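Q: Okay, predicted coordinates and the sequence, questions at the end:
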Amino acid sequence: MKPYFRPAVSTAIATVGAIVAATVPAPFSPLLAQPAITVYNQNFGVVRDTVPLDLKPGVNEIRFADTTACLEPDSVILRDPAGKIALRILEQNYRNDPVTQELLLSVHEGQTIDFQTVTAEGEKKTFPGKIIRSGYAAHAQAAMQRYGQRYAMTQMGMAGSGAGQPIIEVDGKLQFGLPGQPIFPALADDSLLKPALVWKLEASAPAKLEAELAYLTGGMTWEADYNIVAPEKGDTLEVIGWVTIDNQSGKIFENAKIKLMAGDVSKIQPGMNGMIVAREEAKLAMFSPAAPVVTEKAFDEYHLYTLERPTTLRDRETKQVEFIRASGVKAQRLYVYDGLKLDENQFRGWSMENIRNNENFGTEFSSKVAVMREIKNSEANQLGIPLPKGRVRFYQQDGDRRLEFTGENIIDHTPKDETLRIYTGNAFDLVGERIRTDWQIDHSRRTAKESFKITLRNHKKEPVEIRVVEHLYRWLTWEIMVHSDPFEKTAAQVLEFRVPVKPDEEKVITYTVQYTW
């Protein structure tokens, strides 16, 4: 059974931070009112929503209090999807502060509120006071959220030690600090309890429209997981793929259309010290309002996966959806002996010349023979679709038809018609041994010779083929002078011997390589 993927629909693209989308706007459709999310597997996503606008001539203040708590303000795009009205944005503000005493003081800055104290006799005394300065360091709060604590503390220090102290006018006199417990009037609504975007829009004429809103947000990610089931005997597999979506954005998405972007998209990330470590633009995906039935398609240099049905994604929820199921997938079991054992810490930073001249380099070996599964990602092999990066788990049926776990690993993004080679563990009954038998170096002639004996032992009840991988690490120019078995050059400095080994047999292969420089 082949996986269920269908042809794609057209798309349009806009760039992060741009106000005008780089596409011809499509006519507005009620389907735009349905929230849509594109989640990237790099801890961010693109949110597309609608904002109802009823503009009057002049300057209009618009508040939209239904964004995520991890919104990137400079990524916001607000536009008329029909392209008939050019929205002139005079000012944009993003508020994402928890309701605290300091925040409410800031909200009522310039206003008079009541303060309450308790006398020594325990009586409550209420009196008015005007908030001249709240002392609320909103810039530091924003800096901490966006760039980290160290950067925020620097900004607070630059503002001066007194900037965080409120100033209250009581009976015509100014005093630093609060004269008592502030008593605030009731909130008109819950707008301060939610993250909100506030715009000042200028309109030359009255207009009513459903504006399209798009922005980047953190707190969202997804990953793929694959479960592969093998029979007790044979190499015909069943492949089941899941996507796991994690929403930590601070917002519930009701009945949303969800898309998943797979690929290595360049995205700015803050460093540990709060500084920016890259400067590349990610791409916002502004999709056609038509309801697609696709599940996978190529998009720019990446691949896009679409959940077929709208779904509700709650805040702090992890949702799993099956996205691929294929049976009859053929896999080849490989045994690979790569006996070279190196201490990376010991040889870190060594040049090729240092390696060439060091007699002891590469003399240690490992006896483990790796077990690999090789799967062709092709239509002929019941696959043939781009596979996103993820964890692959292997299960095999036992004699009682129960599944036993036999290994797991991570695969990278794998295009169609490429071959997956997945390491699942080491063979219990296969052993390798790699011994250097000769080493000569002649600096006057600029040559070096090195000889190896590789011994393979098979303690299984059936014959196997072991692929012996050898790395010619001493120099780029080399020649195999003598070899006991045929080999294939698989890379510039890599050889591979394919050695059949019978049950309970010990097989020895030898070769000599000469380097010249």
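A: Structure received. Everything quoted here is computed from the prediction, not taken from an experiment.
Q: Please make it C-alpha for all contacts and neighbour counts, starting now.
A: Noted.
Q: Tell me, how many residues neighbour the residue nearest to Q396 when sequence neighbours are not counted?
A: Distance criterion CA to CA, 6 or more residues apart in numbering; nearest residue to Q396, sequence neighbours excluded, is A230 at 4.6 Å. A230 sits with 22 neighbouring residues when counted by other CA atoms under 10 Å.
Q: Repeat that for the one 5 residues further on.
A: Other residues near D235 come to 16 when the count uses other CA under 10 Å.
Q: Now do the same contact list for it.
A: K330, A331, Q332, R333 (CA atoms under 8 Å, 6 or more residues apart in numbering).
Q: same thing but at 6 Å, please
A: Contact analysis of D235 by CA atoms under 6 Å, 6 or more residues apart in numbering lists K330, A331.
Q: All the helices of this protein, residue numbers only.
A: 101-107, 138-147, 149-159, 344-347, 352-357 (DSSP state H).
Q: And these, which one averages the lowest pLDDT?
A: Ranked by mean pLDDT, these bottom out at helix 149-159, with a mean of 40.
Q: In the record's domain split, what are the boundaries for the protein?
A: Taking automatic domain parsing as the reference, the chain has its domains at 11-93+212-222+250-325, 104-187, 327-393+413-516.
Q: roughly how far apart are the residue of the chain positioned farthest from its centre and P182?
A: Ranking residues of the chain by C-alpha distance from their mean position (CA atoms, centre = their mean) puts E121 at the top, at 61.4 Å. Remark: distance between E121 and P182 (CA to CA, to the nearest Å) = 20 Å.
Q: go on, I228?
A: I228 sits 63 Å away from P182, taking CA to CA as the criterion.
Q: repeat for T516
A: 84 Å.
Q: same question, P57
A: For P57, the distance to P182 (CA to CA) stands at 39 Å.
Q: do W199 as well
A: Relative to P182, W199 is positioned 30 Å away (criterion: CA to CA).
Q: same deal with K376?
A: Applying CA to CA, the value for K376 to P182 is 70 Å.
Q: again, but for R498
A: Counting by CA to CA, the separation of R498 from P182 is 82 Å.
Q: who's more crowded, those two?
A: Shown here are R498 and P182; by other CA under 10 Å, P182 has more neighbours (19 against 16).
Q: dump the residue contacts of that one.
A: Counting by CA under 6 Å, 6+ apart, P182 touches F115.
Q: same thing but 10 Å
A: Neighbouring residues of P182 by CA atoms under 10 Å, 6 or more residues apart in numbering: Q101, L104, L105, I113, D114, F115, Q116, T117, T126, F127, P128, G129.
Q: Over to E408?
A: The contact partners of E408, taken as CA under 10 Å, 6+ apart, are Y226, N227, I228, R391, V392, R393, F394, Y395, I422, Y423, T424, G425.
Q: okay, now the residue nearest to K341 when sequence neighbours are not counted: neighbour count?
A: Nearest residue to K341, sequence neighbours excluded (CA to CA, 6+ apart): F365, at 4.8 Å. F365 has 16 neighbours, counted by other CA under 10 Å.
Q: Tell me how far F365 lies from L472.
A: From F365 to L472 the distance is 15 Å (CA to CA).
Q: try I113
A: 80 Å.
Q: neighbour-wise, which of the two wins?
A: Neighbour totals were compared for I113 and L472, and L472 leads with 20 against 17 (other CA under 10 Å).
Q: Now do the same contact list for that one.
A: Contacts for L472 (CA under 10 Å, 6+ apart) come out as G362, E450, W478, E479, A491, A492, Q493, V494, L495, V513, Q514, Y515.
Q: For it, grab phi and psi.
A: phi -90, psi 80 (degrees, to the nearest 10).
Q: one step back: I'd like to know which of the domains of the chain lies nearest to K194.
A: For these, the distance to K194 is smallest for domain 11-93+212-222+250-325, at 5.9 Å, taking CA to CA.
Q: what would the domains of the chain look like in JSON lines with distance to T244?
A: Shown next, in JSON lines, are those (distance: least, CA to CA, whole Å):
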{"stretch": "domain 11-93+212-222+250-325", "distance to T244": "4"}
{"stretch": "domain 104-187", "distance to T244": "26"}
{"stretch": "domain 327-393+413-516", "distance to T244": "10"}
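Q: Minimum distance to E238: which of these has it?
A: Taking CA to CA, domain 327-393+413-516 is the member of these nearest to E238, at 4.3 Å.
Q: Straight-line length of the closest one, end to end?
A: Taking CA to CA as the measure, domain 327-393+413-516 stretches 51 Å from start to finish.
Q: What ranges in this protein fall below the confidence cut-off?
A: Residues of the chain meeting the criterion pLDDT under 70: 1-33, 98, 137-163, 188-193, 263-302, 346.
Q: In JSON lines: the contacts of P182, plus distance to A86.
A: Compiled in JSON lines, those are given as follows (distance: CA to CA, whole Å):
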{"residue": "Q101", "distance to A86": "40"}
{"residue": "L104", "distance to A86": "35"}
{"residue": "L105", "distance to A86": "37"}
{"residue": "I113", "distance to A86": "41"}
{"residue": "D114", "distance to A86": "45"}
{"residue": "F115", "distance to A86": "47"}
{"residue": "Q116", "distance to A86": "50"}
{"residue": "T117", "distance to A86": "53"}
{"residue": "T126", "distance to A86": "51"}
{"residue": "F127", "distance to A86": "50"}
{"residue": "P128", "distance to A86": "46"}
{"residue": "G129", "distance to A86": "44"}
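Q: What's the PyMOL syntax to select whichever of the residues you listed are buried?
A: Buried residues among the contacts of P182 (16 or more other CA atoms under 10 Å), as a PyMOL selection:
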select buried, resi 104+105+113+115+128+129
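Q: when you check the contacts of P182 against the strands, which ones overlap?
A: Using DSSP state E, the members of the contacts of P182 that fall within strands are I113, D114, F115, Q116, T117, T126, F127, P128, G129.
Q: give the contact list for the third one.
A: When you say that, I think you mean F115. Contacts of F115 by CA under 10 Å, 6+ apart are 125-130, 170, 178-184.
Q: Dig out what it forms beta bridges with.
A: F115 forms beta bridges with F127, P182, as assigned by DSSP bridges.
Q: Which parts of the stretch 1-150 of the chain are strands?
A: 11-15, 36-40, 44-55, 58-64, 77-79, 88-95, 112-118, 124-133 (DSSP state E, counting those that start in this stretch).
Q: Which one of the ones you listed lies nearest to I258?
A: Nearest of the strands of the stretch 1-150 of the chain (CA to CA): strand 36-40, 4.9 Å.
Q: other SSEs contacting the closest one?
A: strand 44-55, strand 207-218, strand 220-230, strand 236-247, strand 253-262, strand 283-287, strand 302-306 (3 or more CA pairs under 10 Å, 6 or more residues apart in numbering; DSSP states H and E).
Q: In its sheet, which strands sit next to that strand, and in what direction?
A: Strand 36-40 has the following sheet partners, assigned by DSSP bridges: strand 44-55 (antiparallel), strand 253-262 (parallel).
Q: Save the ones you listed as JSON lines, and put in mean neighbour count and distance to R309 too.
A: Below are these laid out as JSON lines (neighbours: other CA atoms under 10 Å; distance: least, CA to CA, whole Å):
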{"stretch": "strand 44-55", "mean neighbour count": "20", "distance to R309": "17"}
{"stretch": "strand 253-262", "mean neighbour count": "21", "distance to R309": "7"}
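Q: possible to save those strands as TSV with distance to S134?
A: Below are the strands paired with strand 36-40 laid out as TSV (distance: least, CA to CA, whole Å):
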stretch	distance to S134
strand 44-55	32
strand 253-262	35
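Q: closest one to E210 among these?
A: Nearest to E210, of the strands paired with strand 36-40 and by CA to CA, is strand 44-55 at 4.5 Å.
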